[in-house]
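Trainee: sharing a model that was predicted from the sequence below.
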Amino acid sequence: MNRLVIGLAAAAVLPAAYAQQSVEVLHWWTSGGEAAALNVLKGNLEKQGVKWNDMPVAGGGGEAAMTALRARVTAGNPPTAVQMLGFDITDWGKQGVVADLNSVAAKEGWDKTVPAALQKFSKYNGKWIAAPVNVHSTNWVWANKEVLAKAGVTTMPASWDEYIAALDKVQKSGAVALAHGGQPWQDATLFDGVVMSTGGIDFYRKALIDLDAKALGSDTMLKVFQRMSQLRKYVDKDFSGRDWNVASGMVISGKAGFQMMGDWAKGEFLNAKKVPGKDFMCFRTPGTQGMVSFNSDQFVMFKVKADAAAAQAKLAAAIMDPGFQSAFNVVKGSVPARTDVPDTAFDDCGKKGMKDLAEANAKNTLVGSMAHGHAVPASLKNAFYDVITRHFNGQIDDKKAVAEMVSASKS
Ligand code: BGC
């Protein structure tokens, strides 16, 4: 065989051997905007010759995904990487089934660039076990500009009373005032913002992070539930069980005026080719300006066989690449999980998100989102969900909900 033939034969074999590198990724990014963002990561890996085996498990907030994960780990066959939030990450760290990413982290300087608030969850026993891909925050409101203009709402509400007045106007105009999906995690997402708006950041911390019984049982908490009852009046009759992205779609299409949702909602607006400031507005839940309740999607790497470790390390490095963090988060609606990524590629909502996060971090007004697993572990979160949802559905009144929050905190 001459050299050219040998060269061609090798070239024909190489890509096949290379293509054997693969990762299996479990996630719950199944909406249009989420899938578009995920494609940025898939494309990045595929360019490096790593095949992407997708394991999507629908359901915002990730509860169904966590159930699927438990089954895979129990069967002794975990995926390479799993999208995860907050306390779930450290809970898996305790199980001894996750990989050690310290060498990739050291090589790529993660310690210096990832904010401490995130590192608290990405590390277990001093070891990096997860790569954070973004920082989302839950205290946002999304609004359709045209619907608001028709209803006579010309400035974005900054206080609770202004917000209620605006919701009233939109409802009177014939549109749905508040697009919402009645699912426990969505009800809890509203609750995050209402707690901050009603009691301020110290109250949020005391009640939902420190689980202070006095705060949980206080008149302020009663006011929180009264406000949740107020919001309930602006939701349409078909809200029960609706997916969050369908609710975003109602605002996008002009059927509804407002949605209170984390900034993944922006991904839906962008995916529908809507422009911030022109077609839609983003603003902080009225009364929470200067505060940020965050959640960060991290990819927890599970222990894999030696032959799969190289692809896993590539995935971890790709997630933390500054250029990727910019490209991904521009599409996802979130902001980078690294502090050294410029805001130049981001739209106005993204730029505001980055600025708000940096300021809240500096002023100590940055808190983990209860609704998205960054305030308390899953068992407590679920106990709170239960109270909030039963209250939102009228099964218990405001007073009873306060008493039940106190007992839920002890569960
Ligand atoms: C995740 C987001 C996701 C949203 C809805 C949140 O818990 O952090 O990335 O877009 O759920 O699925």
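Mentor: Structure's in. What do you need?

Trainee: residues in contact with whichever residue of the stretch 201-350 of the chain sits closest to the ligand?
Mentor: Per Cβ to the nearest ligand atom, residue 264 is where the stretch 201-350 of the chain lies closest to the ligand, at 3.3 Å. Just so you know, the C-beta spots here come from the backbone N, C-alpha and C atoms, and that holds for glycine as well. Listed by Cβ atoms under 8 Å, 6 or more residues apart in numbering, the contact set of residue 264 reads 31, 33-34, 136, 244, 332-334.

Trainee: contact residues of the protein facing the ligand?
Mentor: Residues of the chain lying close to the ligand (Cβ under 6 Å from any ligand atom) are 28, 34, 60-62, 85, 136, 244, 264, 295, 297, 372.

Trainee: a markdown table for those, including secondary structure and pLDDT?
Mentor: What follows is those, written out as a markdown table (DSSP: H, G, I helix; E, B strand; the rest coil; pLDDT from 0 to 100):
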| residue | secondary structure | pLDDT |
| --- | --- | --- |
| 28 | coil | 97 |
| 34 | helix | 97 |
| 60 | helix | 87 |
| 61 | helix | 88 |
| 62 | helix | 94 |
| 85 | strand | 98 |
| 136 | strand | 98 |
| 244 | helix | 98 |
| 264 | coil | 98 |
| 295 | strand | 98 |
| 297 | strand | 98 |
| 372 | coil | 98 |
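
Trainee: buried members of those into ChimeraX, please.
Mentor: The following ChimeraX line selects those of the residues of the chain next to the ligand that are buried, judged by 16 or more other Cβ atoms under 10 Å:
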select :28,34,60,61,62,85,136,244,264,295,297,372
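
Trainee: dump the residues of the chain next to the ligand to JSON lines, plus distance to residue 271.
Mentor: Formatted as JSON lines, those follow (distance: Cβ to Cβ, whole Å):
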{"residue": "28", "distance to residue 271": "17"}
{"residue": "34", "distance to residue 271": "9"}
{"residue": "60", "distance to residue 271": "15"}
{"residue": "61", "distance to residue 271": "19"}
{"residue": "62", "distance to residue 271": "20"}
{"residue": "85", "distance to residue 271": "22"}
{"residue": "136", "distance to residue 271": "16"}
{"residue": "244", "distance to residue 271": "14"}
{"residue": "264", "distance to residue 271": "11"}
{"residue": "295", "distance to residue 271": "20"}
{"residue": "297", "distance to residue 271": "17"}
{"residue": "372", "distance to residue 271": "21"}
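
Trainee: once you drop chain neighbours, what's closest to whichever residue of the stretch 1-150 of the chain sits closest to the ligand?
Mentor: For the stretch 1-150 of the chain and the ligand, the shortest gap (Cβ to the nearest ligand atom) falls at residue 60, measuring 3.4 Å. In space, and not counting its chain neighbours, residue 60 is closest to residue 244: 4.8 Å by Cβ to Cβ, 6 or more residues apart in numbering.

Trainee: one step back: for the residue of the stretch 1-150 of the chain closest to the ligand, give me its contacts.
Mentor: With contact set as Cβ under 8 Å, 6+ apart, residue 60 has these partners: 28, 31, 183, 185-186, 243-245.

Trainee: same question, residue 219
Mentor: Contacts of residue 219 (Cβ under 8 Å, 6+ apart): none.

Trainee: just the pLDDT for it.
Mentor: Residue 219 is assigned 98 on the pLDDT scale.

Trainee: distance of it relative to residue 87?
Mentor: Remark: distance between residue 219 and residue 87 (Cβ to Cβ, to the nearest Å) = 29 Å.

Trainee: got it, and residue 349?
Mentor: From residue 349 to residue 87 the distance is 28 Å (Cβ to Cβ).

Trainee: these two: which is more packed in?
Mentor: Per other Cβ atoms under 10 Å, whichever of residue 349 and residue 87 has more neighbours is residue 349, with 23 against 20.
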